[in-house]
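Asker: build me a structure from this.
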Amino acid sequence: MSKMTDLMTGAVGYFWTDVDEVMALDRAMPGHVHLSADGDLQIDLLVPNADPFGDVPLPSSVAATTSVGGALFLDVGHGRLATTHGGYRVATRTYRAHGVVTGAPLRDLRSDGFRDVSAFFPGIARWAGVAGSSTAPAKGEDGRLTSLAITVQAAEARAQDLGKGRQLELSTHWQVDGPEDRRTIYAPVEFKVSASRPASWSDLIPPLQSIQGLLSLAYDGLVVADGGRVTMDTDRPPMESPKWWTARIMRRPDGARAPRSMTEIPNFHLSTIGGIAGLRRWIDLTDKHPRATGPLLAGHRYGLQNVETRLMEIAAAIEYWVSAHRRSAQWARKSQGQGRFAANLAARVGAPFGDLVGDPMAWARRFWKTYTLLKHEPNSEYDAYEVSLLAATGAVLLQSALLNRVAGTSAPARAICDSHRYYHLGAQTRGLLGA
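Answerer: Predicted coordinates for the structure are as follows:
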């Protein structure tokens, strides 16, 4: 098993809550770490002679030398101090961490900052327009396959500046494992966020979360990374790149739906939104307008919601997005009567959404009327099936509008509204509206 798997299964070791004190034996605390049932790493420390009434600040990270090697735990929370009395006073502290780096060179650490963090996403090479491997078959005169040559190599990196001293790179990672007669090739797409100087983990992860959200929209399910590597703030580079894990992009919460298939044609490709430049604009959009993107991604990130909540959150996001443009864009100021926020956005997206639902203005009136009913008259009767159709088509409209903004063209709306995934949704909605 890998060091990461061994660590999550359960490991003992010595722990420090200050990287400046790492390897100081008099500051070390014996303890145990394991992956808890709810998906976090639980660290239980034994703290002899601790003051039960003392203030214990939450550390930014926890370093450890464990039975499976050096580790640095990140995104630490939920610190707790418990004391048992009787004779020799012993205290225990429990921390929960959402992330960890294995193979961390603890003796050479200058801080718990990072030069870069990378995440590996398998199965999306065609979506990203890159390839980490290629095959060259050879056939005999009878047409039968006689040999197969496989080449693996990193794709040429594409880069974009993210601001605040950060840079995004898109390439591929590759490795070959196993004995000669049973080789395994691993060549996922790699997204790297780097910093001009050592940066906090919390400053480098959000762009990767934004990328995960975009992938989840493309594949209509939560796409998770299955690994990654980091460059730490050290006095000298380690012999091997440390590996890392984070629950934020590498764990699928209970109830969150996985994509039906990663080989199925996605709703759109990276090229649809303008390549890596569009990806950078998507990251900017999610950073500046979380009230628009958050409700769109919530169903993928946190699991299915009831249809009533889904419709109200999508409607609120549509209202926010239209209102955010009222001063700068004529389309957002038009008076469309009842349901004007949905109507204005439907008119903005135009023909692709109209082709999907039949009559976009009739859809907008029905959508907003249902939203108003759910918001102000929650005890009124309504058809849950109708609510589900309206919520789903509202999400398609919002997704189309946001990605059109990112691409600067209507190509995303055409691709999304024409996706095979929404064929039945469109037919059912047109039937509801009598269009």
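Asker: use CA for all of it now, contacts and neighbours both
Answerer: Fine.
Asker: looking at residue 164 now. What's its pLDDT?
Answerer: For residue 164, the model assigns a pLDDT of 89.
Asker: over to the one 5 residues further on?
Answerer: You'll see residue 169 listed with a pLDDT of 96.
Asker: close enough to count as contact, it and residue 193?
Answerer: Yes - with contact defined as CA atoms under 8 Å, residue 169 counts as touching residue 193 (6.5 Å).
Asker: the more surrounded of those two?
Answerer: Under the criterion of other CA atoms under 10 Å, the comparison of residue 169 against residue 193 puts residue 193 first, with 25 against 18.
Asker: ok, for that one, nearest residue in space, not its chain neighbours?
Answerer: Closest residue to residue 193 apart from its sequence neighbours, by CA to CA, 6 or more residues apart in numbering: residue 168 at 4.7 Å.
Asker: how about that neighbour, what does it touch?
Answerer: 159-162, 191-194, 280 (CA atoms under 8 Å, 6 or more residues apart in numbering).
Asker: restricted to strands, list these.
Answerer: Using DSSP state E, the members of these that fall within strands are 159-162, 191-194.
Asker: residue 176: which of those is nearest?
Answerer: residue 191 (19.5 Å; CA to CA).
Asker: quick one: contacts for the closest one?
Answerer: Contacts for residue 191 (CA under 8 Å, 6+ apart) come out as 118-120, 168-171, 208.
Asker: one more time with 6 Å, if that's ok
Answerer: By CA atoms under 6 Å, 6 or more residues apart in numbering, residue 191 lies in contact with 118-119, 169-170.
Asker: quick one: which of those has the most company?
Answerer: Counting neighbours by other CA under 10 Å, residue 119 comes out on top of these with 28 neighbours.
Asker: who does the strand or helix carrying residue 196 pair with, and is each partner parallel or antiparallel?
Answerer: Take DSSP states H and E as the rule and residue 196 turns out to sit in strand 189-199. In the sheet, strand 189-199 lines up against strand 109-121 (antiparallel), strand 166-172 (antiparallel) (DSSP bridges).
Asker: closest to residue 183 out of those strands?
Answerer: Nearest of the strands paired with strand 189-199 to residue 183, taken as CA to CA: strand 166-172 at 19.0 Å.
Asker: residue 287 and residue 200, how far apart?
Answerer: 17 Å (CA to CA, to the nearest Å).
Asker: between these two, who's got more neighbours?
Answerer: Applying other CA under 10 Å to residue 287 and residue 200 shows that residue 200 carries more neighbours, namely 17 against 14.
Asker: so what's the more buried one up against?
Answerer: With contact taken as CA under 6 Å, 6+ apart, residue 200 is in contact with residue 113.
Asker: for the strand holding residue 196, output the C-alpha coordinates as PDB.
Answerer: Provided in PDB are the C-alpha atoms of strand 189-199 (Å, rounded to 0.1, in the frame of the first residue of the first chain):
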ATOM      1  CA  VAL A 189      -4.300  15.700 -16.400                       C
ATOM      2  CA  GLU A 190      -2.400  17.900 -13.900                       C
ATOM      3  CA  PHE A 191      -3.400  21.300 -12.700                       C
ATOM      4  CA  LYS A 192      -0.800  23.200 -10.800                       C
ATOM      5  CA  VAL A 193      -1.200  26.500  -8.800                       C
ATOM      6  CA  SER A 194       2.200  28.000  -7.900                       C
ATOM      7  CA  ALA A 195       3.200  31.100  -6.000                       C
ATOM      8  CA  SER A 196       6.100  33.500  -6.500                       C
ATOM      9  CA  ARG A 197       7.000  33.100  -2.800                       C
ATOM     10  CA  PRO A 198       5.900  30.500  -0.200                       C
ATOM     11  CA  ALA A 199       2.100  30.800   0.300                       C
END
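Asker: a helix runs through residue 155, doesn't it?
Answerer: No - assigned with DSSP: H, G, I helix; E, B strand; the rest coil, residue 155 falls outside any helix and is coil.
Asker: please identify which helix or strand holds residue 261.
Answerer: Per DSSP H and E, there is no helix or strand for residue 261.
Asker: how far away is the nearest residue to it once chain neighbours are set aside from residue 257?
Answerer: Closest residue to residue 261 apart from its sequence neighbours, by CA to CA, 6+ apart: residue 219 at 7.8 Å. Distance, residue 219 to residue 257, by CA to CA: 11 Å.
Asker: all helices for the stretch 1-150 of the chain, in order.
Answerer: Per DSSP state H, counting those that start in this stretch, the stretch 1-150 of the chain carries helices over the ranges 3-9, 125-128.
Asker: next one: the stretch 301-435 of the chain
Answerer: Taking DSSP H, counting those that start in this stretch as the test, the helices found in the stretch 301-435 of the chain are 307-323, 340-349, 351-357, 360-376, 384-407, 411-417, 423-433.
Asker: before we move on, the earlier item: export the ones in strands among the contacts of residue 168 to a markdown table and tack on distance to residue 340?
Answerer: Compiled in a markdown table, these are given as follows (distance: CA to CA, whole Å):
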| residue | distance to residue 340 |
| --- | --- |
| 159 | 40 |
| 160 | 37 |
| 161 | 37 |
| 162 | 35 |
| 191 | 39 |
| 192 | 41 |
| 193 | 40 |
| 194 | 43 |
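Asker: give me the buried subset of the residues you listed.
Answerer: Among the ones in strands among the contacts of residue 168, those classed as buried by 16 or more other CA atoms under 10 Å are 159-160, 162, 191-194.
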